[in-house]
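*Asks:* Starting from these lines, generate the structure:
(chains A and B)
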Amino acid sequence: MFGLKQKDATLFLVVVAITALAPFLLNPFPENSELAQFNAGYPDLMQRFMIFGIFAIGFNILFGLTGYLSFGHAAFLGVGSYAGVWMLKLLSMNIIPAIIVSVVVAGVFSLIVGYISLRRSGIYFSILTLAFAQMSFALAYSVLTPITGGETGLQLALDDPRIFGVAQTADGSIPLTNFFGLEMRDGIEIAAGPWLFTLNVGYYLSAIVMLASFYVAIRIFRSPFGMMLKAVKSNQQRMNYTGINPKPYTLAAFVISGMYAGLAGGLMVAMDPLAGAERMQWTASGEVVLMTILGGAGTLVGPLLGAGVIKYFENIFSKINDNILYEWFSFMPGGLQDFFVTIIYPFIGKGWHLTLGIMFMLVVIFLPGGIVEGGKRLGRLFSRKKAEGGGSDATPAASPAE
Amino acid sequence: MGKLYTSRRDLLKGGAAAGIALAAPTIFPSSAWAGFTNEPTGGSVTLGFNVPQSGPYADEGADELRAYELAVEHLNGGGDGGLLSTFSSKALKGTGILGKKVEFVTGDTQTKSDAARASARSMIEKDGAIMVTGGSSSGVAVAVQALCQEAGIIFMAGLTHSNDTTGKDRRRNGFRHFFNSYMSGAALAPVLKNAYGAERNAYYLTADYNWGYTTEQAVREATEGIGWNTVEKVLTPLAATDFSSYIAPVLNSDADTLVLVHYGGNMVNSLTNAVQFGLRDRVVNGKDFQIVVPLYSRLMAKGAGANVKGIFGSTNWHWSLPDEGSKAFTKSFGTKYGFPPSQAAHTCYVQAMLYADAVERAGSFNPCAVVEALEGFEFDGMGNGPTLYRAEDHQCFKDVLVVKGKENPDNEFDLLEIVEVTPVDQVTYAPDHPQFAGGELGACNPGA
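*Replies:* The predicted structure follows:
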C-alpha cells in the first residue's frame, strides 16, 4: 500500500489515525475538572507537536541513518523561519510561498554548512555544526538586526509592503496568515457535555504536512539511498575501500534534513508569524537531539514520540505552579501538605527541565533505543506469553521473515 | 399514591432521548463568538502572568510573580488592600473584577520570545486568559504584545525599557507602565550636568542588542544636548562575562566618563571590571573619571556590591519613595514576603491594578472597551505621582527617578539613594519623536 511494505503501511496508517483524532485524544479530561491541567488538545501545543515532529523526523534522517550528530540543526529552522516571515511581509499572508521559500533557503544554507562541516566526522563534525549554529544565532541576535529584528525578533508590521496582499485589513489591523483564505486561527469547537474539543485549521494543515514528511521519511529509510546512509553509519571506511564515495550521500542526507528543519521553521511562522533568534541557539539544537534520542534514533516513529514528550513537558509541566500543588494536596493536614509540595515542587513548574533530565538519563541508561525500544520490549513481553511453547526466537533479528 | 409508575418502555424512551441530548455535541466555529476572545462567563475571570521563571532574569520574574499574587489577593478583597486605598480611581471595591473572582495562571517566558509566545498562547487557548501581563525584557514584551494583538486580548507589559515597546512596535492592545530609554536619558542628563559639568568626553560600552541600541541612542542624544562629547561607542556581546578587553581601550582614550549601557549580569560584570582597572581613581583632562549606568535595579546593585557606590543611574520606582502609594505598596509587600519590592514588582502590581480598574470603569471585559478606558487615563496614588496613560502610544508618563549607589547602605535592600525625582514634563516627548518613529497602534482587536 502506498508503495510501502505491509508493516510500514500499518505504522503509517496508525500515525494518520492518531494525528487525525489528536484533538480528541489529547483532551481526555473534562473542561472543569482538576485534571484539565493535563489536557494538551489546544491548537498551539498540537501545532507544536506536528512542527517539532517534522524537525525531529528530518534530524533523524541525518543522525539516525548516517550517525552524523549535528549540533546545529536549529540554525536551519531559524533561517527557514526568517525566510518565511520575510515572505509574509513582502509577498502575501498566504503561507504557501512562505513555506516553500523557507524550505529552499534552509536547503541552500544547509548545503553550504554541510559542504564545509562534512569534511570532518565524529566529534569534529558536531563541533563544526555547533559553531555554525552559534554563529548564525549571534549574527541574528545583533549584527543582522535590520534583517532579523535582533533580540525582539522579526515580526509583521502595519506598513509591510505585501505585494500580493493588503498591508492592513479594512479595520486597520495586520491580516492573519491563511491558506488561500482559510485562516490558521480558524476552526470549530465541539462541546460534548463537559468536554470541549478544538479542531483547528492550523493544526490540521501542519498535520497534513507532517504526515507527508513522515511518508517521505519512510520511503527514504527503505530506499537504496537509505541503505547507503546506513552503510555510512556502520562502516564508512569499508565503503571507501569498496570504491564508493560516501560524501555525496552524507551531504544529501544533511541537506534533506536541513530542508526538513526549514519546513518546520516555515510552518512555525505560518502558525505564529514571528521569528526569534533564540530558535537558533544551541539549546534549541540540543533539544532536537534529545527528542530523537528519547524517542529512538534510527527508528521511524521515535522522533515523533520524542518531540511529543518533550513539548508536552515544556508546555504542560512548566505551568504547574505551587498554588496548584497546594490545591492538589489540600486534602492533607497542613504540615504534610507543605512537606509534599516542597518535595514535588522542584520537579515541576520551572523545574520541568529537571524532570526531563532525569527521564532522559533513565531512557539512555535502561532503554538505549528510546521509547520505541520500550514499546518493543513491552510488545515482546506479551507476544512471548502468547507464543509460549511456539519455539519462536526472542531476538527479532534472527526470526525469519514472514 | 399518584401515578408515579412509568412503563419500562417509556423509561427506555426517555433515557435514550436524554442520552442523545447529552451526547449531541454543540458544534460552532471558533470565530463565531458573539463577543470577544475568552469572554468570562462563569463566576471567575482568569489573568495570565507570563514571567521569566528561568534564565537570566529569573530573580526579577520571581519578584513580579509575588507582586501579581499580591495584586490578585487585593483585587479579591484579601490582605490589607494595598494600593486600592491610595489609587485615585475608586472603581475597584475588592470584590474581584466586575464581581467576578480573579484567578490566575502562570507561565515561564524563559526570557526568550519564542517560549514567551508559546506560554502566552497556551494561556489564551487553553486556560482562557482574558489578559496577559509580565515579562522582564523588551524582546519578550514586544513579541507577546504582538501576539495579544493578534489573538484579541489585552497585554499589560511588565519590565520593558526599550523605546520600541511603545515606539516602532507599539500595538493598540498593549500598554506599558514602565519608563523607557528616552526618559532615562532625559532624566539623567541634567543631573549629570550638575554633578560632572557640561564638558565631558563620554565613552559608551553598549550591550549588542535592541535594548542597548535604543538606550545608548537616548543617553547619547540627551548628553550631547548638554554639551558632552562622544568619544567612542563600542558594542559588547550580550553573552560576554569578562569586559577587560573592552575596558582597556578606555584607558588609552581621552575619555573621562564611561557609560555602561548594560543590564543585569552584564552590568555587574562590566562595572566590576571597570573598577578593577582603576577607572574610578583616574584623573583625565583634570577631571575625576566617572561611570554612569543608565538603567539601575536593586538586584543589579546587589550583584555589583560596593562598586556601585556613588554611581548615577535611573530607575522607574524605588521602595524608599515617601509618597502614600509607595509606602502602602512597600508595606503590604513587605508584610507578605518580608522584604521590600523591586521596581519590577511595582510596575507589575500597578499594571494588574490598572487593568482591573479599566475593566471596572468600562463595565466590560471587551478589550476594545478596556483600551478606551485606559487611553488618556490620568491617575495618581500608584507611587510615581500623577500619571498619564497617553492615548497616542500607550506609554505612561510620570516622574522618573535618578538614583545613585548609596555610600553607606544600612542593609542589603537599601543600596540606592534617590538623587532627584525628575518631573514628568522633563521626560515627555512627542509621540512621533524620531526615537519612537515608525510605529502605528493600528485598530483594537477584540478577537474572534
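*Asks:* Please name the residues that touch residue B:152.
*Replies:* B:36-37, B:173, B:367, B:445-448 (C-beta atoms under 8 Å, 6 or more residues apart in numbering or on different chains). Every C-beta, even on glycine, is put in place using the N, C-alpha and C of the backbone.
*Asks:* Tell me who's in contact with the nearest residue to it once chain neighbours are set aside.
*Replies:* Ranked by C-beta to C-beta, 6 or more residues apart in numbering or on different chains and with sequence neighbours excluded, the top spatial neighbour of residue B:152 is residue B:447, at 1.9 Å. Contacts for residue B:447 (C-beta under 8 Å, 6+ apart) come out as B:33, B:36-38, B:151-153, B:367.
*Asks:* Check the gap between residue B:447 and residue B:151 for me.
*Replies:* The spacing between residue B:447 and residue B:151, counted by C-beta to C-beta, to the nearest Å, is 6 Å.
*Asks:* Distance from stretch A:312-322 to the middle of the chain?
*Replies:* 18 Å (C-alpha atoms, centre = their mean, to the nearest Å).
*Asks:* can you tell me the helix or strand for residue 60?
*Replies:* Using chain A. Using DSSP states H and E, residue A:60 sits within helix A:43-60.
*Asks:* oops, chain B please
*Replies:* helix B:58-75.
*Asks:* what about the helices in chain B?
*Replies:* With DSSP state H as the criterion, chain B has helices at B:8-23, B:58-75, B:113-125, B:138-151, B:181-196, B:210-225, B:244-252, B:265-276, B:298-304, B:324-337, B:343-362, B:367-374, B:424-427.
*Asks:* Verify the stated contact: residue B:159 with residue B:345.
*Replies:* No. The pair residue B:159 / residue B:345 is not scored as a contact, 9.3 Å apart, by C-beta atoms under 8 Å.
*Asks:* Spit out the residues that contact the two alike.
*Replies:* Here residue B:159 and residue B:345 have residue B:64 as joint contacts, going by C-beta under 8 Å, 6+ apart.
*Asks:* of those two, who's got more company?
*Replies:* Between residue B:159 and residue B:345, counting by other C-beta atoms under 10 Å in any protein chain shown, residue B:159 is the more crowded of the two (32 against 29).
*Asks:* Which strands and helices lie in contact with the helix holding residue A:60?
*Replies:* With contacts taken as 3 or more C-beta pairs under 8 Å, 6 or more residues apart in numbering or on different chains; DSSP states H and E, helix A:43-60 sits against helix A:6-25, helix A:73-90, strand A:195-200, helix A:201-222, helix A:247-271, helix A:282-295, helix A:302-316, helix B:113-125.
*Asks:* can you redo these as a markdown table with mean neighbour count?
*Replies:* Shown next, in a markdown table, are these (neighbours: other C-beta atoms under 10 Å in any protein chain shown):
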| stretch | mean neighbour count |
| --- | --- |
| helix A:6-25 | 15 |
| helix A:73-90 | 29 |
| strand A:195-200 | 20 |
| helix A:201-222 | 20 |
| helix A:247-271 | 26 |
| helix A:282-295 | 23 |
| helix A:302-316 | 24 |
| helix B:113-125 | 27 |
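*Asks:* Could you export these as TSV, including mean pLDDT and distance to residue B:205?
*Replies:* Output for those, formatted as TSV (pLDDT from 0 to 100; distance: least, C-beta to C-beta, whole Å):
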stretch	mean pLDDT	distance to residue B:205
helix A:6-25	94	50
helix A:73-90	96	28
strand A:195-200	88	47
helix A:201-222	96	44
helix A:247-271	96	34
helix A:282-295	93	26
helix A:302-316	91	35
helix B:113-125	90	25
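*Asks:* May I see those arranged in a markdown table, with distance to residue A:345 as well?
*Replies:* A markdown table is the format used below for these (distance: least, C-beta to C-beta, whole Å):
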| stretch | distance to residue A:345 |
| --- | --- |
| helix A:6-25 | 29 |
| helix A:73-90 | 30 |
| strand A:195-200 | 29 |
| helix A:201-222 | 32 |
| helix A:247-271 | 32 |
| helix A:282-295 | 23 |
| helix A:302-316 | 16 |
| helix B:113-125 | 19 |
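*Asks:* These: which one's closest to residue A:181?
*Replies:* Closest approach to residue A:181 among those (C-beta to C-beta): helix A:201-222, 10.7 Å.
*Asks:* Report the angle between the next helix or strand after that closest one and helix A:201-222.
*Replies:* From helix A:201-222 onward toward the C-terminus, using DSSP H and E, the following helix or strand is helix A:224-234. For helix A:224-234 against helix A:201-222, the angle by axes from the mean of the first three to the mean of the last three C-alpha atoms, to 10 degrees is 70 degrees.
*Asks:* List the contacts of the spatially closest residue to residue B:183 that is not a sequence neighbour.
*Replies:* Distance criterion C-beta to C-beta, 6+ apart; nearest residue to residue B:183, sequence neighbours excluded, is residue B:427 at 4.1 Å. For residue B:427, the contact set (C-beta under 8 Å, 6+ apart) comprises B:179, B:182-183, B:186-187, B:397, B:399-400.
*Asks:* again, only this time at 7 Å
*Replies:* The contact partners of residue B:427, by C-beta atoms under 7 Å, 6 or more residues apart in numbering or on different chains, come to B:183, B:186-187, B:400.
*Asks:* Equivalent analysis for residue A:163, please.
*Replies:* Counted by C-beta under 7 Å, 6+ apart, residue A:163 has contacts A:90-91.
*Asks:* pLDDT score for it?
*Replies:* Here, the pLDDT recorded for residue A:163 equals 90.
*Asks:* Can you report phi and psi for it?
*Replies:* Note on residue A:163: its backbone torsions stand at phi -60, psi -40 [degrees, to the nearest 10].
*Asks:* so how many other residues sit close to whichever residue of the stretch 301-448 of chain B sits closest to chain A?
*Replies:* Residue of the stretch 301-448 of chain B nearest chain A, by C-beta to the nearest C-beta: residue B:443 (3.7 Å). Other residues near residue B:443 come to 19 when the count uses other C-beta under 10 Å.
*Asks:* what's the answer for residue A:330, then?
*Replies:* 9.
*Asks:* how about the nearest residue to residue A:76, chain neighbours excluded?
*Replies:* The nearest residue in space to residue A:76 (C-beta to C-beta, 6+ apart) is residue A:261, at 3.7 Å.
*Asks:* Likewise for residue B:356?
*Replies:* Nearest to residue B:356 is residue B:97, by C-beta to C-beta, 6+ apart, at 4.8 Å.
*Asks:* thought the one you found was touching residue B:43?
*Replies:* No. Using C-beta atoms under 7 Å as the test, residue B:97 is too far from residue B:43 to be in contact (11.5 Å).
*Asks:* For the residue nearest to residue B:356, give me its contacts.
*Replies:* B:45, B:75, B:356, B:359-360.
*Asks:* Can you give me the separation between it and chain A?
*Replies:* Distance from residue B:97 to chain A, counting by C-beta to the nearest C-beta, to the nearest Å: 19 Å.
*Asks:* Just the pLDDT for that residue.
*Replies:* For residue B:97, pLDDT reads 95.
*Asks:* coming back round to it: angle of the helix holding residue B:60 against helix B:324-337?
*Replies:* 100 degrees.
*Asks:* Which elements pack onto helix B:58-75?
*Replies:* Contact here means 3 or more C-beta pairs under 7 Å, 6 or more residues apart in numbering or on different chains; DSSP states H and E; on that basis helix B:58-75 packs against strand B:44-51, strand B:101-108, helix B:324-337, helix B:343-362.
*Asks:* So which bits of the stretch 251-400 of chain A are right by chain B?
*Replies:* By C-beta under 7 Å from any C-beta of the partner chain, the residues of the stretch 251-400 of chain A that approach chain B are A:272, A:274, A:276, A:278-279, A:315, A:318-319, A:321, A:350.
*Asks:* Quickly name whichever of these is closest to residue A:118.
*Replies:* Residue A:118 lies nearest to residue A:279 out of those, by C-beta to C-beta, at 23.5 Å.
*Asks:* Which residues are in contact with the closest one?
*Replies:* A:74, A:77-78, A:81, B:114.
*Asks:* what about residue B:244, distance to residue B:261?
*Replies:* 18 Å.
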